[in-house]
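Participant: below are the sequence and a predicted model for it; my questions follow.
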Amino acid sequence: MILRNKFSIISSAMAALVIIALVGSAFAAESATQGHRQVANELADLKRTASKMRDQADILNSFTPAKQLSWQSHTARLNAIKDHVNEMGQSLAELEAMKPMANQTHALAIEHARPHLVSVASNLTEAIELVNENRRNVYWGDYGEAVEAVYSHADALHTKLDTILKYEKDKMRMDNLELQTSLAGQS
């Protein structure tokens, strides 16, 4: 009788441990999925901001060369791009902190964003400094080259983010199709 009670207690304890392990495993999987979703949402926001920044850089680039627009028009675009760079810098810092929760594709997007954003910021700073030195610099080559580089890196940043995120979306669709095919084959 005592042996049976011990066996019953041990069996109950083992069953409880198995249930706890399963619940913990399910919780960890849900937590990882939630982390992946959070990273994916942040990356989508980063891509939207990159698109806005690229559009502003494209407009600014169209102002050069030798367009007789005022320096104020140039400055307004430079400031809009600067705001996007600052916003993206904050977002990217948050994404880099969340990188351990990211899947491999999202981690790749995070890694590729920083060099282009740094280049945009560097060239943007150069363009702003040229305007601050002499407002007429908006009509000369060095300014035009800096603006063209801003656009080039803004475009590359958006294109890389767009390509990587589309790849991830297509990969998920393919995985779902394979799962559906596998499940249909089991029926």
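Facilitator: Structure's in. What do you need?
Participant: and the most centrally placed residue in the chain, what element?
Facilitator: The chain has Leu43 as the residue nearest its centroid, 2.9 Å off, counting by CA atoms, centre = their mean. Element membership for Leu43 (DSSP states H and E) is helix 2-62.
Participant: quick one: average pLDDT of that helix?
Facilitator: Helix 2-62 comes out with an average pLDDT of 72.
Participant: now swap in stretch 105-112 and tell me
Facilitator: Rounded mean pLDDT across stretch 105-112 is 92.
Participant: got the buried residues for that stretch?
Facilitator: 105-107, 109-110, 112 (16 or more other CB atoms under 10 Å). Where C-beta positions appear, they are placed from N, C-alpha and C, glycine not excepted.
Participant: now do stretch 78-90
Facilitator: 78, 80-82, 84-85, 88.
Participant: restricted to strands, list those residues.
Facilitator: When the buried residues of stretch 78-90 are checked against strands using DSSP state E, none is located there.
Participant: out of these, flag the one nearest to Glu145.
Facilitator: Nearest to Glu145 among the buried residues of stretch 78-90 is Leu78, at 14.6 Å by CB to CB.
Participant: I'd say the closest one and Glu129 touch.
Facilitator: No - between Leu78 and Glu129 there is no contact under CB atoms under 8 Å: 10.4 Å.
Participant: what packs against the host helix or strand of Ala97?
Facilitator: Per DSSP H and E: Ala97 is located in helix 71-98. The contact analysis (3 or more CB pairs under 8 Å, 6 or more residues apart in numbering; DSSP states H and E) places helix 71-98 against helix 2-62, helix 104-133.
Participant: show me how far the last one is from its chain's centre.
Facilitator: Going back to what we said before, that points to helix 104-133. Between the centre of helix 104-133 and the centre of its chain there are 14 Å (CA atoms, centre = their mean, to the nearest Å).
Participant: quick one, that helix and helix 71-98 angle?
Facilitator: 150 degrees (axes from the mean of the first three to the mean of the last three CA atoms, to 10 degrees).
Participant: report all helices and strands that helix 104-133 contacts.
Facilitator: helix 2-62, helix 71-98, helix 141-186.
Participant: my read: His106 touches Asn41, true?
Facilitator: No - taking contacts as CB under 8 Å, His106 lies outside contact range of Asn41: 10.5 Å.
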